[in-house]
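# coordinates only, sequence not included:
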């Protein structure tokens, strides 16, 4: 048995339960948050090492063999995603120590955070399509509750859009799972992939593929149904925004990668072509939306949308290089985007607002913070030698090789506009002279040294990850390459789950 | 303390409650292979406490419970997750059922039972949390 396959799910669940048992104790909740997410990070690294050494790992939960029981599968992509979950979970847990108020803690911030991490890790590791739906719901329930923590009016407004569209997506997902089960009579993804090749009704398969594409597209905030994201991500406490920004949409992207490489790979001319244009429009609409915004977190939220486009483009082009680019992009993006949100939280803590107009002069008073902003911001825009440059470079090169010039042009243009947005934040928040104080300015409580440290440590850690990916790109590229190889050879996944030959004896 | 004021309900609640709790435990233990189980047993137990609450008010119910319903949820979740782990000892995948026979009384104890007790506590705790909160807001509005 390989316990590391299931531990990334069980550890956050267990930490959540322990955290709930000690709901009266402020100290214990914080201790469990840091210890639990730290343990998650360590087991995820363990999982990564095992998968790297031994190939795809499988665990049949409760000893019920696939395809009858629920199977957990860790291939390289799954393991990479779990490691990223661990990194983000740990960083956000540390950051929460200083940034989440006692009021929010009393309403169960930490147990919900653990539950969210369990949902995310579960979605990355499950090998069963209905179980994937269940993990999506676990994640969504936790995120609904986190989103309205504090019950302020803008939060409610954002949450209504978020909940409505995500429930719509869940309904489409569930319907599609039902139809798929009707077609092939199994829910195990490896088994579905195998049996779908024997189904003759190609029209039905295409319909199902598009349904899954729409369902996961909504979750990933892809064009045209992305507006729930910028409507809601700037409302909750900043640690929650950062957690969402790093992980939630990427679960949708992961699900697209999984389903469209393993199951729906019959007619890429049709399904993946739709995705190419979806990706292009996602990039464009996100970046144009960001250009019109003047609130720190809203700009960042729109940029999540545009960056999702690059990842989906990697999948949509469906060449080995493009998939490598997509995986690399996910790794780069999760770290950079979370970091930017964390920086915005520090700015808010220091100056009491997210409005660009009312900020300024931070470079003079906090030069180190300015540098910590520049690293992820320039990386997001794709400046060499940071991680974003390589990510964009691979995707765009794959686009040119696949002769998809139109969408490649969009990708380049969007890179430029991203730089424009980041410079806008830089100029407004850090560079320009601080604006005249206004009468309605609230008194900002003085920040203690200890609090500042707790906010800075995760930001520095994530910035180092960005630099590491950028300056030491070769091993990361090799990792992305190996995972792309696995994704493009579904037979290996099927064999790992169902055993040699993949024959199932009923 | 709020009381319903009807003698029949007050007396009936006192008599029915132990019976309902016993029945819930019967359902809990019967559940693995036959109809029953942690969820339905938890609902029956929550019903028992809710009946008592209607007759004697929320404060009396809290006093009788002694623990906060929120603690029950935490403990229940903990038991539920913990039940996944014993299989590790025998190098089997997580959640594989482990059975132990208690000598003398010949009682079979197992990880599914731990899981069911966990579910029982979670259901009981969450239903009671909700009902108590609703009763309290209801009285606050009066």
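Received the coordinates, thanks. None of the values given here were measured: they were computed from a predicted structure.

# as a check, name the ranges of all helices in chain B.
Remark: helices assigned in chain B by DSSP state H are B:7-30, B:38-65, B:69-82, B:86-89, B:111-141.

# what about residue A:92, which SS state?
Following DSSP: H, G, I helix; E, B strand; the rest coil, we place residue A:92 in the helix state.

# among the helices of chain B, which comes closest to residue A:351?
Nearest to residue A:351 among the helices of chain B is helix B:69-82 (37.2 Å), distances taken as Cβ to Cβ. Where you see a C-beta, it was placed from the backbone N, CA and C, and this is true even at glycine.

# so what secondary structure elements neighbour that closest one?
helix A:7-21, helix B:111-141 (3 or more Cβ pairs under 8 Å, 6 or more residues apart in numbering or on different chains; DSSP states H and E).

# tell me which of the ones you listed sits most buried.
helix A:7-21 (a mean of 26; mean count of other Cβ atoms under 10 Å in any protein chain shown).

# how big is the angle separating that helix from helix B:111-141?
40 degrees (axes from the mean of the first three to the mean of the last three Cα atoms, to 10 degrees).

# which strands and helices sit next to the next helix or strand after helix A:7-21?
Moving toward the C-terminus from helix A:7-21, the next helix or strand (DSSP states H and E) is helix A:26-54. When contacts are defined as 3+ Cβ pairs under 8 Å, 6+ apart, helix A:26-54 packs onto helix A:7-21, strand A:57-60, strand A:71-74, helix A:76-99, helix A:102-106, helix A:109-125.

# about what we covered before: can you tell me which of the helices and strands packed on helix B:69-82 comes nearest to residue A:400?
Using Cβ to Cβ, the nearest of the helices and strands packed on helix B:69-82 to residue A:400 is helix A:7-21, at 37.2 Å.

# does that closest one reach chain B?
Yes. Residues of helix A:7-21 contacting chain B under Cβ under 8 Å from any Cβ of the partner chain: A:10, A:13, A:14, A:16, A:17, A:18, A:20, A:21.

# just curious, which of those is nearest to residue A:2?
residue A:10 (13.2 Å).

# so can I have JSON lines of the helices and strands packed on helix A:26-54 showing mean pLDDT?
Shown next, in JSON lines, are those (pLDDT from 0 to 100):
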{"stretch": "helix A:7-21", "mean pLDDT": "94"}
{"stretch": "strand A:57-60", "mean pLDDT": "92"}
{"stretch": "strand A:71-74", "mean pLDDT": "94"}
{"stretch": "helix A:76-99", "mean pLDDT": "94"}
{"stretch": "helix A:102-106", "mean pLDDT": "78"}
{"stretch": "helix A:109-125", "mean pLDDT": "95"}
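
# got those as a markdown table, with distance to residue A:380 columns?
A markdown table is the format used below for these (distance: least, Cβ to Cβ, whole Å):
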| stretch | distance to residue A:380 |
| --- | --- |
| helix A:7-21 | 27 |
| strand A:57-60 | 33 |
| strand A:71-74 | 29 |
| helix A:76-99 | 16 |
| helix A:102-106 | 28 |
| helix A:109-125 | 22 |
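
# tell me which of these sits nearest to residue B:72.
Here helix A:7-21 is closest among the helices and strands packed on helix A:26-54 (Cβ to Cβ), at 10.0 Å.

# that closest one packs against which elements?
helix A:26-54, helix A:76-99, helix A:109-125, helix B:69-82.

# most packed of these?
Most buried among those, given mean count of other Cβ under 10 Å as the contact rule, is helix A:109-125, at a mean of 28.

# who touches the next helix or strand after that one?
Next in sequence after helix A:109-125, counting helices and strands by DSSP H and E, comes helix A:129-147. Residues from elsewhere that reach helix A:129-147, judged by Cβ atoms under 8 Å, 6 or more residues apart in numbering or on different chains: A:70, A:108-109, A:112-113, A:115-116, A:118-120, A:122-123, A:126, A:155, A:158-159, A:162-163, A:166, A:170, A:173-174, A:177, A:180-181, A:187-189, A:192, A:219, A:232, A:235-236, A:240, A:243-244, A:248, A:251, A:255, A:259.

# averaged pLDDT, helix A:129-147. What do you get?
The pLDDT scores in helix A:129-147 average 94.

# tilt between it and helix A:7-21?
Taking the same axes, to 10 degrees, one finds helix A:129-147 and helix A:7-21 inclined to each other by 40 degrees.

# now do the buried residues in helix A:129-147.
If you call a residue buried by 16 or more other Cβ atoms under 10 Å in any protein chain shown, then helix A:129-147 has these buried ones: A:129-133, A:135-140, A:142-143, A:145-147.
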